[in-house]
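**Student:** Dropping the sequence and predicted coords here.
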Amino acid sequence: MSKILIIEDDPFLQGLEASKLTKDGYDILVASSGDEAMTKINEPGINLILLDLVLPNFDGFQILEKIRSTDTIKTLPVIVFSNLSEAKDTKRAQELGATDFMVKSNFTLDELVDRIKMIIK
């Protein structure tokens, strides 16, 4: 079973994402803040990170930088799943090594699961 770390500070969205991914057969870890995320990104067995960009303490860009600069997890797939939709945000996430960038309001949870399945084969 693939393990996904959901980094999302909105409890409602975090719950929806976790519930949907659990129903689709994924093992789920969650982090609600940048601090919590910085700790959990190093947990063993994570296959993919679903990363919001607007978080307390550390933003998603800082977390993505940390992931890509840590040898043991630098190749871990990271889907940025955010409401930030300006070209500068997308470009910055891509430059920092995001595997994919999805704007929350443009995708359903089913489409998110489909994207995850494409990445975790």
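**Tutor:** Arrived safely. Numbering: from 1, shown residues only.

**Student:** Point out where the chain drops to low pLDDT.
**Tutor:** Judged by pLDDT under 70, the chain has no weakly predicted residues.

**Student:** How about the helix with the most length in it, which residues are buried there?
**Tutor:** Counting residues, the longest helix found in the chain (DSSP state H) is helix 11-23. Buried residues in helix 11-23, defined by neighbour count with 16 or more other CB atoms under 10 Å: 13-14, 17-18, 20-21. To be clear about C-beta, it is placed using only N, CA and C from the backbone, and glycine gets the same treatment.

**Student:** give the contact list for residue 42.
**Tutor:** Contacts were defined as CB atoms under 8 Å, 6 or more residues apart in numbering; by that measure residue 42 touches 70, 72-73.

**Student:** Now do the SS call for it.
**Tutor:** coil (DSSP: H, G, I helix; E, B strand; the rest coil).

**Student:** before we move on, the earlier item: reformat the buried residues of helix 11-23 as a markdown table; add distance to residue 113.
**Tutor:** Conversion of the buried residues of helix 11-23 to a markdown table gives the following (distance: CB to CB, whole Å):
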| residue | distance to residue 113 |
| --- | --- |
| 13 | 15 |
| 14 | 16 |
| 17 | 10 |
| 18 | 12 |
| 20 | 7 |
| 21 | 7 |
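
**Student:** Between those residues, which sits nearest residue 88?
**Tutor:** The shortest separation between residue 88 and any of the buried residues of helix 11-23 is 23.0 Å, and it belongs to residue 13 (by CB to CB).

**Student:** any idea how far the closest one lies from residue 56?
**Tutor:** Applying CB to CB, to the nearest Å, one obtains 15 Å for the distance of residue 13 from residue 56.
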